[in-house]
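Q: Predicted model, plus sequence, below.
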Amino acid sequence: MTLLKKFPTTAFLLTLIVAVFLSMSLSGGTTLTPNLLRWGAIQGVLVHSGQYWRVISAAFIHIGVLHLLFNGYAASQLIPLGEVVFGSAETLGLFFLTAAGGGALSAWGNPHNIAAGASGAIFGLAGALITALLSHRTALPDGAQRKLLQAMVPFVGYNLIIGLSISGIDNYGHIGGLITGALAGLVWPLHARRLRGVFIVACALVLGWTVTQQFTLARVFHPSVVESDVQNFLSIHDTMMDVLKDIETLGEDQPPKESKEHVAHAIAQLATLHDQQPQMLQSSELADRRRELTAIVDDMTALLHRVDDIFAGKSSADEAALSGLESVLDRYMAWSEQMITWANQYGYDLQRVPQNKE
């Protein structure tokens with residue numbers, strides 16, 4: 001109760017961090033990629049695709065108990081200092097701002113890695129305190145300012161060195177938070193009573209938006225449907241790779257009869273895929289991908305029929321058909337990359353994704 005009265009922002013943020021950790025532990029764990037992504041960890045490709053809320057939500061997610069304990073201890077030391085120097089509501093605003101700054105740089109610097117943790121915001125608070133103290137903007141006595149600086153500067157330097165020395169640490173998140181906080185510390189209001197309501201409302205809106213987006217993602221996620229769609233995608237990809245092999249032989253020096261057989265095989269593969277499509281990719285979020293695949297399969301089939309007519313002697317050489325096949329294959333490869341990104345969102349590891357701790 002004393003902590004809540006004296007340092008309400010510290011109590012609120014630590015409670016939220018622990019609550020998220022316990023909830024994740026009971027719903028899939030805190031170290032598995034699928035659950036980290038479902039709860040809002042950062043992955044650059046997902047942030048770039050429009051899931052900007054992850055730069056905030058990731059600050060409340062921790063990968064394992066040691067990660068939680070380390071960041072929890074650092075937060076319990078730095079957030080109260082922020083409340084003393086800036087004020088409680090102002091420190092809450094700083095936490096969200098610097099978490100976003102660290103998350104944004106992390107998403108830019110490590111587009112395929114998983115990142116989570118409060119340390120971007122912790123570095124941000126440290127940076128804000130250092131610049132506020134150096135610019136003598138605080139109301140603390142000179143002696144207290146010197147002692148605080150003597151503690152803060154080594155803390156930042158030591159942890160940056162540790163981060164650069166150990167693999168799996170998200171230094172982009174640390175540096176992004178530190179820079180954001182250092183700049184904010186030069187201008188951030190100190191105990192601005194008239195702005196406290198603004199800070200609280202702004203933080204509540206950001207947190208509400210983040211939770212809403214995360215809840216929407218969790219609600220859309222149906223493990224059985226997604227598992228089925230991932231397996232169907234892999235089946236589609238195998239079929240398309242067989243078609244690609246058939247098409248590649250058309251540029252080789254071989255008898256027309258063999259070329260015609262390859263074309264016929266490719267057409268048959270595509271016909272089977274076309275018939276199976278209605279039962280494939282059932283997730284509601286894949287509606288656009290289904291339509292794109294249908295168009296690709298139909299266009300490729302039409303072009304292969306034109307090529308088949310050439311080998312059957314029904315028409316003369318059709319260079320446009322051959323070049324058109326190359327274009328449609330490029331469209332398919334771009335489509336498959338989108339599907340891989342979608343599958344990675346749910347941790348299906350179609351390309352291995354390392355995890356970074358902030």
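A: Nice, I can see it. Just so it is clear, the model here is predicted, and its values are computed rather than measured. Residues are numbered from 1 along each chain as shown.

Q: residue ranges of the strands in the protein, please?
A: Listed in chain order, the strands of the chain (DSSP state E) span 42-43, 114-116, 355-357.

Q: strand partners of the first one, parallel vs antiparallel please.
A: According to DSSP bridges, strand 42-43 has the following sheet partners: strand 114-116 (antiparallel).

Q: what does the model give the spatially most central residue of the chain for pLDDT?
A: By C-alpha atoms, centre = their mean, the chain has its centre lying nearest to Gln43, at 2.4 Å. Listed pLDDT for Gln43 reads 84.

Q: Give me the neighbour count for the residue lying closest to Leu16 once chain neighbours are set aside.
A: The shortest distance from Leu16 to any residue other than its chain neighbours is 5.8 Å, reached at Phe60 (C-beta to C-beta, 6 or more residues apart in numbering). Just so you know, the C-beta spots here come from the backbone N, C-alpha and C atoms, and that holds for glycine as well. The tally of other residues near Phe60 (other C-beta atoms under 10 Å) stands at 25.

Q: Surely Phe60 and Val18 touch.
A: No: in this structure, Phe60 sits apart from Val18 without contact. The criterion is C-beta atoms under 8 Å, and the distance is 9.6 Å.

Q: which ones are touching the residue nearest to the centre of the chain?
A: When the contact criterion is C-beta atoms under 8 Å, 6 or more residues apart in numbering, the partners of Gln43 are 37, 54, 107, 111-115, 344-345, 353.

Q: I'd like to know which of the residues you listed are part of helices.
A: 37, 54, 107, 344-345 (DSSP state H).

Q: what's near enough to touch Gly93?
A: Under the criterion of C-beta under 8 Å, 6+ apart, the contact partners of Gly93 comprise 188, 199, 202-203.

Q: Among these, which are located in helices?
A: The members of the contacts of Gly93 that map onto helices under DSSP H are 199, 202-203.

Q: got a markdown table for these, with distance to Leu68 and pLDDT too?
A: Converted to a markdown table, these look like this (distance: C-beta to C-beta, whole Å; pLDDT from 0 to 100):
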| residue | distance to Leu68 | pLDDT |
| --- | --- | --- |
| Phe199 | 26 | 86 |
| Ala202 | 27 | 88 |
| Cys203 | 22 | 88 |
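
Q: Of the residues you listed, which is the nearest to Met24?
A: Cys203 (22.0 Å; C-beta to C-beta).

Q: separation between the closest one and Gly101?
A: Cys203 sits 15 Å away from Gly101, going by C-beta to C-beta, to the nearest Å.

Q: Tell me how many other residues surround Ala202.
A: Residues near Ala202, counting by other C-beta under 10 Å, number 16.

Q: Apart from its neighbours in sequence, what residue is nearest it?
A: Beyond its immediate neighbours in the sequence, the residue positioned closest to Ala202 (C-beta to C-beta, 6+ apart) is Gly93, lying 6.6 Å away.

Q: what do you get for Ile56?
A: What sits nearest to Ile56 in space, not counting adjacent residues and going by C-beta to C-beta, 6+ apart, is Thr210, at 4.6 Å.

Q: One more: Glu292?
A: Counting by C-beta to C-beta, 6+ apart, the residue nearest Glu292 is Trp335, at 5.5 Å.

Q: thinking again about what came up before, and for the residue nearest to Ile56, the neighbour number?
A: Counted with other C-beta under 10 Å, residues neighbouring Thr210 total 21.

Q: Tell me how far it lies from Ile340.
A: For Thr210, the distance to Ile340 under the criterion C-beta to C-beta works out to 26 Å.

Q: ok, now Ala184?
A: Spatial separation of Ala184 from Ile340 under the definition C-beta to C-beta is 37 Å.

Q: Counting neighbours, go ahead and name the busier of these two.
A: Regarding Ala184 and Ile340, a neighbour count based on other C-beta under 10 Å identifies Ala184 as having more, with 22 against 17.

Q: Gly173 versus the more buried one, what's the distance?
A: Applying C-beta to C-beta, the value for Ala184 to Gly173 is 16 Å.

Q: quick one: contacts for Leu304?
A: Contacts for Leu304 were tallied using C-beta under 8 Å, 6+ apart; they are 247, 263, 266-267, 270, 325.

Q: which residue sits closest to it in space, ignoring its chain neighbours?
A: In this structure, Leu304 finds its nearest non-sequential neighbour in Ile267, 5.1 Å apart by C-beta to C-beta, 6+ apart.
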